[in-house]
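A.B. asks: Here's my sequence, what's the structure:
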Amino acid sequence: MKRRLILLAFLLGSCTAPLPQRVDFPHYGWRNNETQEIVSVERTDTATIFTFKSFYKPGWWIKVASDTHLEVEGKRFALLHTEGITPDKELTMGEDGTATYTLFFEPLPVRAKTVDYIEGEFVEGGFRFYGIDLTGKTPPPLPLPETIVPETFPEPSLEYGEAVLEIIPTGDVSRVPSYVTVRCRSYLCPGFEKALDPEPVDVRTGVARYNLKLYGPGAVNLYVDGAQSIQPIPVNPGETLRVYLDGSDRATTRRRFSLDEPEVPIVRPVGQYAFLFGPDARKAMVSIAPDLSFEYDSKDDAGTYADSVRVFYERVSSRLQEKDLLPAIREYAQNNLKDFALQLLLQSVHTQRMNHRKLFGEEAEAFFRPWLFQEDDLAWIRALDLDDPKTLLSIDFTLYGMIPALAPAASADTTGLIREYARFTPMLRVVKRGGGLPEGWDRFSHPVFTKKLEDEQKAWLRAHAEVPESVKETPDVPDEELLDAILAEHRGKPVLVDIWATWCTPCLAGIRALEPLKTTDYADVDFIYLTGETSPKSTWLEMVPTIRGDHYYLTDKQLKSILDRLGSDGYPTYFVARRNGMNGSVLVGYNEEKLKNLIDKALR
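C.D. replies: Have a look, this model is predicted:
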């Protein structure tokens, strides 16, 4: 009897439904990039075949490492051959910014239901997919908190306070990002000049936690493993904001291939502004997207241009009022429309500034004065109500540098938010560059501006109390001779010159990748780091002790002279010189493999 039961169990086990030989657009638990999409996985007796479609910029390139492999329960399955791409070689994107290729791997075990895709074990930022489903099944929806839309848009707190931000991955926490980086979009919250230090992920729960010191409301961007960027998320003093993060980014796959399946948002915040990420808000923004089209042939006539923006704003605003939206959602959409109109106005100021530079040179920047709005324009610009603190939740921080040009027109109230922010912004720059507290720093009607300036002054004094030995004095030579003078101190050794900025995320990724190699593979290399005035000096001094090498803080004019000589205009820029100081090579942009190849050549 016992023998028959065993035989019956064996027969039942052998009747399990076979796994599909091909799965199109398989689900997976986590990925670390927005570039690669898995179109299909096919299994045969001789190979496991992955077909990918990559999305990037037309004319740009991607690369797949030759040691790319699959993993099942810790066992590796090697890459056999490829079609449409050559390992370790650049593949240029087509005119539509896409490329399709196929990778063939060793066959997987017959009963394998999931597999991991790993592009190179030691490739910084290499493409990775974890928990790729081979059964063809759609996973059940995750039990996430319901999004509740409030009756009215919550008023943000324009006060100093701490907020807690928790990043919570959904699904299997055994495969989560190694770190999550946070950048703020406002001078009033941390992580503006440089990204906040990456918080390690709790390996038990997969949660990354930040304590943010806020000087009013703001918005943050999240970067997963230094690669994947998440849309801005509002934060408010005194709030605990939990963000559930779908690491598979299924929403992007669904949109790119028009898949007929339930929508899964990449983020689902829980907090008073969580409704901005709910289905109602998304539908509202999608409904007005076709209306957000503005064209203007010439921006020379300031009055005509401003009037064109007014007509555009009033037209879209009228259409928005006709839509059947909940009041809080309508106000959110209206705030985004204000932001768009503001961007149009400030883009014109930026164009004028660039034309001024071309005509009179960069030295004349201090004498630049943008056109003033005509009296007829003031009424509708002030009707935007930019003094409303809610604007801090939507306006893009990259435009803040131009707000002083707009503030007098935007508000008649000299003590209003926009006018005071415009006065506060240049003061903050002075403090961060060591100029002390400017006159009037303590005469704001909004106390958060005074407190921010006072705290930044204290931070600058602490940072300068003891200047690290690695901070070097800039040689007193003409700008065109500066790079040679710096390199002369390192004659006889291979040198890496890294031109970077504290706020540059790719720069920090490159520094992080090379730091552990400075005492091993690259112990004979001298590292030189150059930065300029776009990096606040107090922030730079805080970071210098963690980066081994010689550090120079240059004027923008000095740094531009060096970049011009190297044929670059961006960050990071690397210059690698051999022992004799000759035959230097330049690399613009961070690419770990290329950078290491240049250093290896310099060591030969």
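A.B. asks: Convert the C-alpha atoms of the helix or strand hosting Lys601 to PDB, please.
C.D. replies: Using DSSP states H and E, Lys601 maps to helix 592-603. C-alpha atoms of helix 592-603 as PDB (Å, rounded to 0.1, in the frame of the first residue of the first chain):
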ATOM      1  CA  GLU A 592      33.300  53.600 -15.700                       C
ATOM      2  CA  GLU A 593      34.700  51.200 -18.300                       C
ATOM      3  CA  LYS A 594      36.100  53.900 -20.500                       C
ATOM      4  CA  LEU A 595      37.500  55.800 -17.500                       C
ATOM      5  CA  LYS A 596      39.300  52.700 -16.100                       C
ATOM      6  CA  ASN A 597      40.700  51.900 -19.600                       C
ATOM      7  CA  LEU A 598      42.300  55.400 -19.700                       C
ATOM      8  CA  ILE A 599      43.800  55.000 -16.300                       C
ATOM      9  CA  ASP A 600      45.100  51.600 -17.100                       C
ATOM     10  CA  LYS A 601      46.800  52.900 -20.200                       C
ATOM     11  CA  ALA A 602      48.400  55.700 -18.200                       C
ATOM     12  CA  LEU A 603      49.900  53.200 -15.800                       C
END
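A.B. asks: Could I get the buried residue list for it?
C.D. replies: By 16 or more other C-beta atoms under 10 Å, the buried positions in helix 592-603 come out as 592, 595-596, 598-599, 602. From N, CA and C alone the C-beta is placed, and that goes for glycine too.
A.B. asks: elements contacting it?
C.D. replies: Judged by 3 or more C-beta pairs under 8 Å, 6 or more residues apart in numbering; DSSP states H and E, helix 592-603 is in contact with strand 495-499, helix 505-514, strand 573-577, strand 585-588.
A.B. asks: Show residues contacting that helix.
C.D. replies: For helix 592-603, contacts defined as C-beta atoms under 8 Å, 6 or more residues apart in numbering pick out 63, 65, 123-125, 494-496, 510, 513-514, 522, 524-525, 574, 576-579, 585, 587.
A.B. asks: Buried among these? Need that as a selection in ChimeraX.
C.D. replies: Buried members of the contacts of helix 592-603, defined by 16+ other C-beta under 10 Å, are picked up in ChimeraX with:
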select :63,65,123,124,125,494,495,496,510,513,514,522,525,574,576,577,578,579,585,587
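A.B. asks: ranges for the helices of the stretch 1-150 of the chain?
C.D. replies: Remark: helices assigned in the stretch 1-150 of the chain by DSSP state H, counting those that start in this stretch are 2-14.
A.B. asks: Can you pull out the low-pLDDT segments for it?
C.D. replies: Low-confidence segments of the stretch 1-150 of the chain, defined by pLDDT under 70: 1-19, 121-125, 142-144.
A.B. asks: before we move on, what about the stretch 351-500 of the chain?
C.D. replies: Using pLDDT under 70, the stretch 351-500 of the chain drops low at 351-378, 394-412.
A.B. asks: Break this structure into its domains for me.
C.D. replies: Using automatic domain parsing, the domain parsing of the chain gives 22-133, 160-277, 299-462, 479-603.
A.B. asks: Turn those into a markdown table, columns for distance to Pro290.
C.D. replies: Converted to a markdown table, these look like this (distance: least, C-beta to C-beta, whole Å):
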| stretch | distance to Pro290 |
| --- | --- |
| domain 22-133 | 22 |
| domain 160-277 | 16 |
| domain 299-462 | 10 |
| domain 479-603 | 32 |
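A.B. asks: So which of those domains is nearest Met285?
C.D. replies: Evaluated with C-beta to C-beta, the domains of the chain place domain 299-462 nearest to Met285, the distance being 6.5 Å.
A.B. asks: tell me the mean pLDDT for stretch 217-228?
C.D. replies: Averaging pLDDT along stretch 217-228 gives 65.
A.B. asks: Where do the helices of the stretch 151-300 of the chain begin and end?
C.D. replies: 250-257, 279-288.
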